[in-house]
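> quick check, what structure comes out for this input:
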Amino acid sequence: MQYKYLLHEQDYIDFQLYSASKSEDIRRKKRNGWIGLTIGFGVVALLCFLAGMMPYTVGWSTAALMVLLFYPTYFMWRYKRHFENYIRKSHKNRFGESVILEVHPDHIFTKDRTGEGKIYISAIDQINATSKHLFISISSGLTLIIPKKDIDSEQLKEELRALDIPIHEELDWKWK
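Okay, the predicted model is just below:
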């Protein structure tokens, strides 16, 4: 069966955020920044307290508390903003582009304005499904982004399962 869909800016952003949420490096940066800043501000507050500088102690303690409470939210907002800017600059000519996808017994055929491609089933590493997208990861490092709203996603998933390709579903995934 042939599937035709359009890729928009938000589709690319959602893919970047999904990939980032699975990255151990990004999790480590978030954790280390959160702990490091909280402890750092706390130590400065403690030093100010020991030196008898109460106004500074209150200020640094407040900063430590604010970091403790709000750093994860800030971190995620900052990364989202970074990816939005990156996508706008690097993929701006691809927004609204029509893509055709066909599933065959031994390969997946794709076609867009830049050309055609054949992806062998054996080259597919994994398929991840969120509530809005299917992400087909290929061993070369590329990923096909398929927005569910434009296609019959259940039909496509059945075709892929029939080829013994497991689909990892995370229907409740959100950038957080």
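
> Three-state assignment for Ile165, please.
Classification of Ile165 using DSSP: H, G, I helix; E, B strand; the rest coil returns coil.

> residue contacts, it?
121, 124, 127 (C-beta atoms under 8 Å, 6 or more residues apart in numbering). For glycine as for every other residue, the C-beta is placed from the backbone atoms N, C-alpha and C.

> pretty sure the last one is in a strand, no?
Just to be clear, that refers to Ile127. Yes: membership of Ile127 in a strand is supported by three-state DSSP.

> run a quick neighbour tally on the closest residue to it other than its chain neighbours.
Leaving aside its sequence neighbours, Ile127 sits nearest to Ile167 (C-beta to C-beta, 6 or more residues apart in numbering; 4.6 Å). Neighbours of Ile167 under the rule other C-beta atoms under 10 Å: 15.

> quick check: the gap between Ile167 and Asp106.
19 Å (C-beta to C-beta, to the nearest Å).

> ok, now Ile127?
For Ile127 relative to Asp106 (C-beta to C-beta), the value is 17 Å.

> more neighbours: those two, which one.
Shown here are Ile127 and Asp106; by other C-beta under 10 Å, Ile127 has more neighbours (21 against 9).

> find the nearest non-adjacent residue to Lys111, please.
Ile100 is the one closest to Lys111 (C-beta to C-beta, 6+ apart), at 4.4 Å.

> and the longest helix for this protein?
Longest helix of the chain, by residue count under DSSP state H: helix 54-90.

> give the other helices and strands that that one contacts.
Judged by 3 or more C-beta pairs under 8 Å, 6 or more residues apart in numbering; DSSP states H and E, helix 54-90 is in contact with helix 9-21, helix 24-50.

> tell me the most buried of these?
Highest mean neighbour count among those (mean count of other C-beta atoms under 10 Å): helix 9-21, with a mean of 18.
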